[in-house]
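1. dropping a prediction and its sequence here:
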Amino acid sequence: MGKGRVLMAMSGGLDSSVAAMMLLEQGYDIVGITMKTWEYADSGIKGKETGCCSLDSVNDARLLAVSLGFPHYVLDIRDEFNSYIVKDFVDQYLKGRTPNPCVLCNTHIKWAALLKRAEQLGCEYISTGHYARIREEGGRMVLFKGADEDKDQSYVLWGLTQEFLKRTIFPLGDYTKDQIREIARGAGFRQIADKRESYEICFIPDNNYRAFLQRQVPGLEDKIGEGDFVDTKGNVIGRHKGYPYYTIGQRKGLNIAMGEPMYVNRIIPEENKIVLGKKEETFERRFRVSGFNPVKFERPPCDRDYIVKIRYKHPGSRARIYYENNSDSLKVELYSQVSAITPGQSAVFYDGIDVVGGGFIETDNK
């Protein structure tokens with residue numbers, strides 16, 4: 001008897017391919033699915049199509065499925081992706097914030113689409129190639145870090161609900177990236193093992209989000225126009241190209257000479273102003289979180305310390321949380337100051353290696 005039927009999300013890359021191999025070896029019945037989220041031609045970039053949505057990636061996923069003997073489908077979710085993820089990405093920058101498209105996509109697009117199709121195909125579970133782990137504890141599903149600290153992806157999965165977690169399998173969670181490559185080589189899939197990793201946002205393959213915004217909002221530069229750089233005391237110290245083109249903590253590309261490095265300290269979209277400050281002026285100890293999704297606890301207790309990560313590669317800082325009137329809104333107080341706390345990015349809270357929950361960073365007016 002098999003262990004059940006799993007809908008395996010396949011990008012055509014190393015991680016999801018090896019995850020599918022592992023599930024087959026463990027006795028699961030696999031159905032492969034590749035989600036088409038973006039049309040490369042819409043990026044406005046010339047050159048060879050690359051990434052998880054390319055034709056080559058779809059073909060690679062299908063070839064693997066054929067070679068391993070399980071069915072494979074392509075799910076077109078471009079309309080949903082464009083109307084939700086891409087629209088939010090543009091809107092967030094126009095509000096002077098820095099969005100987290102991968103978090104939104106995982107929560108609101110990919111998992112929702114996978115579960116819907118899983119029901120249609122009679123699959124009990126869904127699976128992806130993320131480096132993270134899940135266990136049941138105290139009647140709740142707990143998301144926790146993958147064994148490979150350098151590749152752990154729990155940060156981008158904080159938005160998964162208990163319903164999603166109950167149906168999800170992460171086969172790679174106990175392995176390192178190097179081990180996964182060796183598994184692919186050992187199975188005879190050397191081409192997959194040697195695939196280059198992509199770190200760019202899927203709909204901005206050249207990593208030039210400013211050009212992307214200009215394509216998405218025709219006439220953006222005329223609508224926004226140039227604005228003032230000001231120091232933390234409000235003195236005008238230069239001109240900038242328009243507030244959507246800057247992010248908190250940015251140092252490069254400011255084209256301003258002050259005799260010492262200056263950093264984006266605050267963005268004021270309603271006035272088209274960018275506040276610049278010295279490095280030490282970018283540090284803060286307090287911020288707010290909206291849209292908090294609890295994971296380990298139904299309501300995380302406030303009388304204990306947590307480790308909070310304010311960006312994917314942030315090592316984490318010790319903090320306390322306090323609930324505001326709204327149950328999904330928190331105040332966060334850090335034990336030590338942290339640089340470049342950025343509105344729109346995710347704050348993810350950990351209890352050891354367990355994800356306590358996460359939400360979107362908000363900052364009070366300075």
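-> Okay, I see it. A quick note: this is a predicted structure, and the numbers were derived from the prediction, not measured. Numbers count the residues shown, from 1 in each chain.

2. any idea how far the residue lying closest to residue 223 once chain neighbours are set aside lies from residue 243?
-> Closest residue to residue 223 apart from its sequence neighbours, by CB to CB, 6 or more residues apart in numbering: residue 217 at 7.4 Å. C-beta here means a position set from N, CA and C on the backbone, and glycine is covered the same way. Separation of residue 217 from residue 243 (CB to CB, to the nearest Å) stands at 13 Å.

3. and those two? which has more neighbours close in?
-> residue 243 (23 against 15; other CB atoms under 10 Å).

4. residues contacting that one?
-> Residues near residue 243 by CB atoms under 8 Å, 6 or more residues apart in numbering: 96, 224, 227, 267-269, 272-274.

5. what pLDDT does it get?
-> For residue 243, the pLDDT comes out at 96.

6. go on, residue 59?
-> For residue 59, pLDDT reads 90.

7. the one 5 residues further on now?
-> With respect to pLDDT, residue 64 has a value of 94.

8. number of nearby residues for it?
-> Neighbours around residue 64, by other CB under 10 Å: 21.

9. doesn't it fall inside a helix?
-> Yes. Assessed with DSSP: H, G, I helix; E, B strand; the rest coil, residue 64 lies in a helix.

10. I'd like the distance between it and residue 252.
-> 40 Å.

11. with residue 176 instead?
-> Going from residue 176 to residue 252 by CB to CB gives 33 Å.

12. among these two, which residue is more densely surrounded?
-> Comparing residue 176 with residue 252 by neighbour count (other CB under 10 Å), the higher total belongs to residue 176, at 16 against 7.

13. got the contact list for that one?
-> Residue 176 touches 147-148, 151, counting by CB under 8 Å, 6+ apart.

14. reformat those as CSV; add distance to residue 131, neighbour count and secondary structure.
-> Putting these into CSV (distance: CB to CB, whole Å; neighbours: other CB atoms under 10 Å; DSSP: H, G, I helix; E, B strand; the rest coil) gives the following:
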residue, distance to residue 131, neighbour count, secondary structure
147, 8, 16, coil
148, 6, 18, coil
151, 4, 19, coil
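
15. nearest to residue 296, of those residues?
-> Ranked by distance to residue 296 (CB to CB), the contacts of residue 176 are led by residue 147 at 18.4 Å.

16. I figured that closest one hits residue 174, correct?
-> Yes. The pair residue 147 / residue 174 is scored as a contact, 5.1 Å apart, by CB atoms under 8 Å.

17. what sits in contact with each of the two?
-> Both residue 147 and residue 174 are contacted by residue 133, under the criterion CB under 8 Å, 6+ apart.

18. which stretches of the stretch 251-366 of the chain aren't confidently modelled?
-> Within the stretch 251-366 of the chain, the stretches with pLDDT under 70 are 364-366.

19. at 90 what do you get?
-> Residues of the stretch 251-366 of the chain meeting the criterion pLDDT under 90: 255-259, 324-328, 363-366.

20. quick check, central residue of the protein?
-> Geometric centre of the chain, nearest residue: residue 102, 3.1 Å, by CA atoms, centre = their mean.

21. you'd agree that one is up against residue 158?
-> No. With contact defined as CB under 8 Å, residue 102 and residue 158 do not form a contacting pair (11.2 Å).

22. ok so, going back, which among the contacts of residue 243 end up buried?
-> Buried members of the contacts of residue 243, counted by 16 or more other CB atoms under 10 Å: 96, 224, 227, 267-269, 272-274.

23. which neighbouring elements make contact with the helix or strand containing residue 93?
-> Element membership of residue 93, judged by DSSP states H and E, is helix 87-94. Applying 3 or more CB pairs under 8 Å, 6 or more residues apart in numbering; DSSP states H and E, one finds that helix 87-94 contacts helix 101-104, helix 209-216.

24. go with 10 Å
-> helix 101-104, helix 209-216, helix 220-224 (3 or more CB pairs under 10 Å, 6 or more residues apart in numbering; DSSP states H and E).

25. pick the most deeply packed of those.
-> Scoring those by mean neighbour count under mean count of other CB atoms under 10 Å gives helix 101-104 as the most buried, with a mean of 20.

26. list the contacts of the very next helix or strand once past that one.
-> Remark: after helix 101-104, the chain's next helix or strand is helix 111-120, criterion DSSP H and E. The contact list for helix 111-120, computed with CB atoms under 10 Å, 6 or more residues apart in numbering, reads 5-9, 31, 33, 35, 37, 73, 75-77, 80-81, 105-106, 123-128, 157, 159-161, 163-165, 167-168.

27. return the members of those classed as buried.
-> If we count by 16+ other CB under 10 Å, the contacts of helix 111-120 have these buried: 6-9, 31, 33, 35, 37, 73, 75, 77, 80-81, 105-106, 123, 125-128, 157, 159-160, 164-165, 167-168.

28. which ones among those map onto helices?
-> Counting by DSSP state H, the part of the buried ones among the contacts of helix 111-120 found in helices is 80-81, 164-165.

29. before I go, just wanted to say thanks for your time.
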